[in-house]
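K.L.:
make a model of this:
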Amino acid sequence: MAKFSANLGFLWNHLPLHEAIIRAHAAGFTAVECHWPYDCQPDQINRSLRQSGLSMIAINTRTGKNGFTDFGVTAMPGRQGEARQYIDEAIEFASKINCPNIHAMAGKTGRTADAESIYCENLAYACQRAAPYGINILIEPINTTDAPAYHLNLVEDAIATIKTVGMDNLKLMFDCYHIQIMQGDLHNQLQSAMPHIGHIQIAAVPDRSEPDHGDIDYQLLMQQLDVMGWQGHIGAEYKPAGTVEDGLDWLKNWS
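P.N.:
The predicted structure follows:
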């Protein structure tokens, strides 16, 4: 049986994070994740997690001083100080809320050789700093339509980076929405990447709304993931077409 995590960057994002956690529990999710928790105090988050019985399973590093123009700085040449500041901040925050995964946002670099070298150096730093807390660092291929010039777009490039860094706690964030747009063939992509995957996310393609329609048959994919031995949560990182509650039939039917 699949386990689903509510991504609170998109779901109930009109609420303070600690309130959204309670709403996710009431809706039937068994974990939560978010993008940037830094406006909320860790104590507030922990109170909501204890009250709900949920865990926070993933957060992101900050986008950068230029916001979405940067879309992360982990691979940005000349900005290592800023990148490592965000890495340190995310590790400290994650450790306070017992969050096991941090997505280190790469940034819009055009994937130059210099940027890849900086990326690997900063990821090694992040993994070394995160390891004592039992935290994984995640890297995520993102499609070039939603984020032009983003550093990482393909599964095989992510795996190459993971192998270059060579740290056990560097994992792949496999977002089915992005991978379907860039590469398709999700079953084979998942199967070949499975040894490196730290987290999986879903949304409909092409509209990125509820996962019960569109180009991907997620019910079939859930069955395939069971056969592959995936035991982690699956992150619901989609943009609701209406209210969150009005679009949750998929969760009731698939959980």
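K.L.:
what about the strands in the stretch 151-255 of the chain?
P.N.:
The residue ranges that make up the strands of the stretch 151-255 of the chain, judged by DSSP state E, counting those that start in this stretch, are 170-175, 197-202, 234-236.
K.L.:
tell me what angle the first one forms with strand 197-202.
P.N.:
Just to be clear, that refers to strand 170-175. For strand 170-175 against strand 197-202, the angle by axes from the mean of the first three to the mean of the last three Cα atoms, to 10 degrees is 10 degrees.
K.L.:
partner strands of strand 170-175 and their direction?
P.N.:
Each strand that strand 170-175 pairs with, and the sense of that pairing, follows from DSSP bridges: strand 136-139 (parallel), strand 197-202 (parallel).
K.L.:
what are the contacting residues of that strand?
P.N.:
For strand 170-175, the external contacting residues (Cβ atoms under 8 Å, 6 or more residues apart in numbering) are 58, 101, 103, 123, 127, 136-142, 155, 158-159, 161-162, 189-190, 193, 196-203, 237. For the C-beta atoms, the positions are set from N, CA and C on the backbone; glycine is no exception.
K.L.:
repeat that with 6 Å
P.N.:
103, 123, 127, 136-138, 140, 158, 162, 193, 196-201 (Cβ atoms under 6 Å, 6 or more residues apart in numbering).
K.L.:
same question, the second one
P.N.:
Contacting residues not belonging to strand 197-202 are listed as 58, 101, 136, 138, 171-176, 211, 218, 234-235, 237 [Cβ under 6 Å, 6+ apart].
K.L.:
and if you look at the shortest one?
P.N.:
Outside strand 234-236, the residues within contact range by Cβ under 6 Å, 6+ apart are 2, 4-7, 33, 200-202.
K.L.:
any idea which of these is closest to His18?
P.N.:
Distance ranking of these against His18, using Cβ to Cβ, places Ala6 first at 13.6 Å.
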